[in-house]
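Asker: here's a sequence, model it:
(one chain, ligands or ions: 1)
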Amino acid sequence: MVSAFVAVASGCAPIAVILAIGALVGSLADVGARTTWALIALIGALIVQAGLRCAEQIASQELTARYLATVYDVLAAASLGPRHIGHLEDPTTARHLGAVSEALREGNFLYGVTSTSMLVAARLSSVGSAVVLATFRWWAPIVLLAGWFVVGWSFDKWLSTVFDELVSVTGSERRRAEYVRGLLMGGPAAKEVRIFGLSRHLVEVFGATWLKAMSSVWRHRLQSFWPLGIAAVALLSSNAAVFGSLGLAAYGGAISLGAIAVYVQAVHGVQNTAVLGEPQTQLGRAAALALHLRRLAEATREENPLPSKAKVPARVELREVTFGYPHRATPVLRGLSLSIPAGQSIAIVGENGAGKSTLIKLLCGLYGPDAGEVDVGGARVAAIFQDFVRYHLTLRENVAFGNPDGPRDDAALSRAIADAGATALLDQRLLMDTVLSAAYEGGTDLSGGQWQRVALARALMALDGGAGVLVLDEPTASLDVRAEAELFDRFLSVTRGTTTILVSHRLSSVRHADRIVVLADGVIVEDGTHDDLMALGGRYATMFSLQARRFLDA
Ligand SMILES: Nc1ncnc2c1ncn2[C@@H]1O[C@H](COP(=O)(O)OP(=O)(O)OP(=O)(O)O)[C@@H](O)[C@H]1O
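Answerer: A predicted model of the protein is given here:
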């Protein structure tokens, strides 16, 4: 509101200055009291104009801060809003997210937002100038405005061809190039980049991908100068018409010296209708960003109700579930049905790519089925995946994240850590408050196996938090066979009476689950206890014997 008032006032001030200068110049032919008053009016108008500029600065800073806060709010709602994660893998959403992230990283659009008030004032002053100029010739402002309109249109056309359209067309390539650049800059890939000597190859991939993305931008940039030619012609013709008419009137003595001063300034003032360089460009960027944010909000508008904290084991029911990832021709799960009674422990086994993790993601509600039904009775499902997160935070936080709303007592945390077989960590008391990353001062890192036990402790904490189903999707790959088997047995005994789902390739690790199902080609092909399946002599029995023989041979 304040910003709008300042903008309107700032738009009127230049007109007062124009008129005051006109009065001053007009009074110079006969210097006297009129000159003094004209001078006082001019100085007054200039002081007000200067004051308004300061107010404009303050108002625009406030506007920018609010705009930025809104951008982050929408971004957070779009990323975290939906319970599923499918939208984060959707190329269109990824493009919008990428555009917003890039704009935030560069930050140039903020200049446009900061200049909003100045741009509004400039436009208003141009309207005022047009009104003043109309008192000379009614058609003069129309001709000038038409000229500037063509300039604005041509410039927009040039800008959108050169930047926005092409940048969005090449968005995917550019994202890939930036991803490769990210790999080169360190982070999770730092070790492999060195070990495999990937840097030269990655630099080449980055160069080629970036060049591919940008070459069409550069080509179009060269081809798209024609709108600027049209702009130049329109500008020259309209100004020539108005200045020609003004010159003729002055030459014929039809207008006074003061009027000439006013009209010349008014012609100059009408220019503010048109492109105002960088602020205008960046305001365009801010508008484009707002559009991306709106699309994001539309694509991700969904409630995120947290499932209930049942604190009782849940019953799990999958009925005729079919699911395929977007942009993949064949479904991963094909009419799969599975019923897990409350409190049962079940192991899901199968070959690589059989769909075990996909099934778990559907159970967690991270994706919705294409057909069929996934029913966990509204219970909260806690899962630890193969790629569980190693939070660069304290051990306390890494474990407590399983039950973020729970009481902050160390007893529950210590119990979960001990149950996860990580008592050794607790012996070093420091660790509870030590950041688990060597990248921070005083921080430390853990071994792969230690990290897995921390993740397991997090899953156990989720039980305290009211999770009705617990899932371990192979977070134990770093452990040796014996340690994994021991850990799974411990997990099954600690969680007895809880609905638990284990996924592992090592069949010996899950043999003590109440029930084992074998997944193949998107359906369940075998279902029973370890003994049942061994007696059946099918896939499970073959896989188990193979693994056992290899182990014995070793
Ligand atoms: N986000 C994804 N987008 C597209 N396809 C995917 C995605 N995740 C998995 N897939 C595909 O779905 C199929 C099943 O994958 P899933 O990870 O569920 O198998 P899995 O049985 O857990 O395998 P593994 O034992 O190797 O972990 C695979 O063909 C895989 O390529």
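
Asker: quick one: low-confidence parts of the stretch 351-500 of the chain?
Answerer: By pLDDT under 70, the weakly predicted segments of the stretch 351-500 of the chain are 427-431, 477-478.

Asker: go again using 50 as the cut-off
Answerer: For the stretch 351-500 of the chain, not a single residue meets the criterion pLDDT under 50.

Asker: show me which residues of it sit near the ligand.
Answerer: Residues of the stretch 351-500 of the chain that fall close to the ligand, judged by CB under 6 Å from any ligand atom: N352, G353, A354, G355, K356, S357, T358. Just so you know, the C-beta spots here come from the backbone N, C-alpha and C atoms, and that holds for glycine as well.

Asker: just give me the neighbour total for the first one.
Answerer: The one in question is N352. Counted with other CB atoms under 10 Å, residues neighbouring N352 total 6.

Asker: and the strands in the stretch 401-550 of the chain?
Answerer: Counting by DSSP state E, counting those that start in this stretch, the stretch 401-550 of the chain has strands at residues 467-473, 499-503, 515-520, 523-528.

Asker: neighbouring strands of the first one in the sheet, and parallel or not?
Answerer: It stands for strand 467-473. Strand 467-473 sits in its sheet next to strand 380-384 (parallel), strand 499-503 (parallel), going by DSSP bridges.

Asker: with distance to A420 added, can I get these in TSV?
Answerer: Below are the strands paired with strand 467-473 laid out as TSV (distance: least, CB to CB, whole Å):
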stretch	distance to A420
strand 380-384	10
strand 499-503	14
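
Asker: can I get those strands in CSV with distance to I43 and mean neighbour count?
Answerer: Output for these, formatted as CSV (distance: least, CB to CB, whole Å; neighbours: other CB atoms under 10 Å):
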stretch, distance to I43, mean neighbour count
strand 380-384, 71, 22
strand 499-503, 81, 25
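
Asker: closest one to A38 among those?
Answerer: strand 380-384 (77.6 Å; CB to CB).

Asker: list the residues that contact A231.
Answerer: By CB atoms under 8 Å, 6 or more residues apart in numbering, the contact list for A231 reads V150, V151, S154, F155.

Asker: follow-up on the earlier one: distance to Q386 for the strands of the stretch 401-550 of the chain - can I get that in CSV?
Answerer: Converted to CSV, the strands of the stretch 401-550 of the chain look like this (distance: least, CB to CB, whole Å):
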stretch, distance to Q386
strand 467-473, 6
strand 499-503, 9
strand 515-520, 16
strand 523-528, 21
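
Asker: tell me where the stretch 251-400 of the chain has helices.
Answerer: With DSSP state H, counting those that start in this stretch as the criterion, the stretch 251-400 of the chain has helices at 257-270, 277-299, 356-363, 395-400.

Asker: ok, of those helices, where does mean pLDDT dip lowest?
Answerer: In terms of mean pLDDT, the lowest-scoring of these is helix 277-299 (a mean of 77).

Asker: which strands and helices lie in contact with that helix?
Answerer: Counting contacts by 3 or more CB pairs under 8 Å, 6 or more residues apart in numbering; DSSP states H and E, helix 277-299 is packed against helix 33-80, helix 91-106, helix 109-114, helix 116-134, helix 139-159.

Asker: go through that helix and flag the buried ones.
Answerer: 279-286, 288-290, 292-293, 295-297, 299 (16 or more other CB atoms under 10 Å).

Asker: now swap in stretch 339-349 and tell me
Answerer: I340, A342, G343, Q344, S345, I346, A347, I348, V349.

Asker: for the fifth one, what are its contacts?
Answerer: What it means is S345. L492, T495, R496, T498, T499, T500, I501, L502, A513, D514, R515.

Asker: beta partners of it?
Answerer: If you apply DSSP bridges, the partners that S345 bridges to are T500.

Asker: do the first one as well
Answerer: With DSSP bridges as the criterion, I340 is bridged to V316.

Asker: settle this for me: it is touching T500, isn't it.
Answerer: No: counting by CB atoms under 8 Å, I340 stays clear of T500, with 9.3 Å between them.

Asker: which neighbours do those two share?
Answerer: Joint contacts of I340 and T500 (CB under 8 Å, 6+ apart) are I346.

Asker: related to what we said a few turns ago, can you narrow the buried residues of stretch 339-349 down to the ones near the ligand?
Answerer: With CB under 6 Å from any ligand atom as the criterion, the buried residues of stretch 339-349 include none near the ligand.

Asker: in these, find the pair that's most separated.
Answerer: Applying CB to CB across the buried residues of stretch 339-349, the maximum distance is between A342 and V349, 22.1 Å.

Asker: what parts of this protein come near the ligand?
Answerer: E89, Y325, R328, V332, G350, N352, G353, A354, G355, K356, S357, T358.

Asker: next step: these restricted to strands.
Answerer: G350 (DSSP state E).

Asker: would you show me how to pick out the buried ones of the residues of the chain next to the ligand in ChimeraX?
Answerer: In ChimeraX, a selection of the buried entries from the residues of the chain next to the ligand looks like this (16+ other CB under 10 Å):
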select :332,350,354,355,356,357,358
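
Asker: domain parsing for the chain?
Answerer: 146-254, 316-553 (automatic domain parsing).

Asker: circling back to that earlier point, and which of the contacts of A231 is nearest D73?
Answerer: F155 (32.1 Å).

Asker: export stretch 398-407 as CSV, just CAs?
Answerer: The C-alpha trace of stretch 398-407 is given here as CSV (Å, rounded to 0.1, in the frame of the first residue of the first chain):
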residue,chain,number,x,y,z
ASN,A,398,20.0,-38.7,13.5
VAL,A,399,18.2,-41.1,15.8
ALA,A,400,15.5,-38.8,17.2
PHE,A,401,14.3,-38.0,13.6
GLY,A,402,12.5,-41.3,13.8
ASN,A,403,10.1,-39.7,16.3
PRO,A,404,10.7,-35.9,15.8
ASP,A,405,7.7,-35.0,18.0
GLY,A,406,8.6,-37.3,20.8
PRO,A,407,10.1,-36.4,24.3
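
Asker: how about the residues of the stretch 351-500 of the chain next to the ligand in a markdown table, adding distance to K191?
Answerer: Formatted as a markdown table, those follow (distance: CB to CB, whole Å):
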| residue | distance to K191 |
| --- | --- |
| N352 | 24 |
| G353 | 26 |
| A354 | 30 |
| G355 | 31 |
| K356 | 28 |
| S357 | 24 |
| T358 | 29 |
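
Asker: residues contacting the closest residue to Q61 other than its chain neighbours?
Answerer: For Q61, ignoring the flanking residues on the chain, the nearest one in space by CB to CB, 6 or more residues apart in numbering is T114 at 7.2 Å. Counting by CB under 8 Å, 6+ apart, T114 touches S60, Q61, L63, T64.

Asker: which among those residues end up buried?
Answerer: S60, L63, T64.

Asker: related to what we said a few turns ago, from the buried residues of stretch 339-349, which single one is nearest F196?
Answerer: Using CB to CB, the buried residues of stretch 339-349 come closest to F196 at V349, 32.0 Å.

Asker: tell me the bridge partners for that closest one.
Answerer: Assigned bridge partners for V349, using DSSP bridges, are V518.

Asker: starting from H292, give me the distance back to the most centrally placed residue in the chain.
Answerer: Nearest to the geometric centre of the chain sits L97, at 3.9 Å (CA atoms, centre = their mean). Going from L97 to H292 by CB to CB, to the nearest Å gives 8 Å.

Asker: ditto for G269
Answerer: Where H292 is concerned, G269 sits at a distance of 35 Å (CB to CB).

Asker: could you do G355 as well?
Answerer: Distance from G355 to H292, by CB to CB: 34 Å.

Asker: right, so the domains of the chain: which one is the most enclosed?
Answerer: Each of the domains of the chain was assessed for mean neighbour count using mean count of other CB atoms under 10 Å. The highest is domain 316-553, with a mean of 18.

Asker: which residues does R315 contact?
Answerer: By CB under 8 Å, 6+ apart, the contact set of R315 is S339, I340, P341, A342, V376, G377, T499.

Asker: can you put the buried residues of stretch 339-349 in TSV and add pLDDT?
Answerer: What follows is those, written out as TSV (pLDDT from 0 to 100):
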residue	pLDDT
I340	92
A342	88
G343	87
Q344	90
S345	90
I346	93
A347	92
I348	93
V349	91
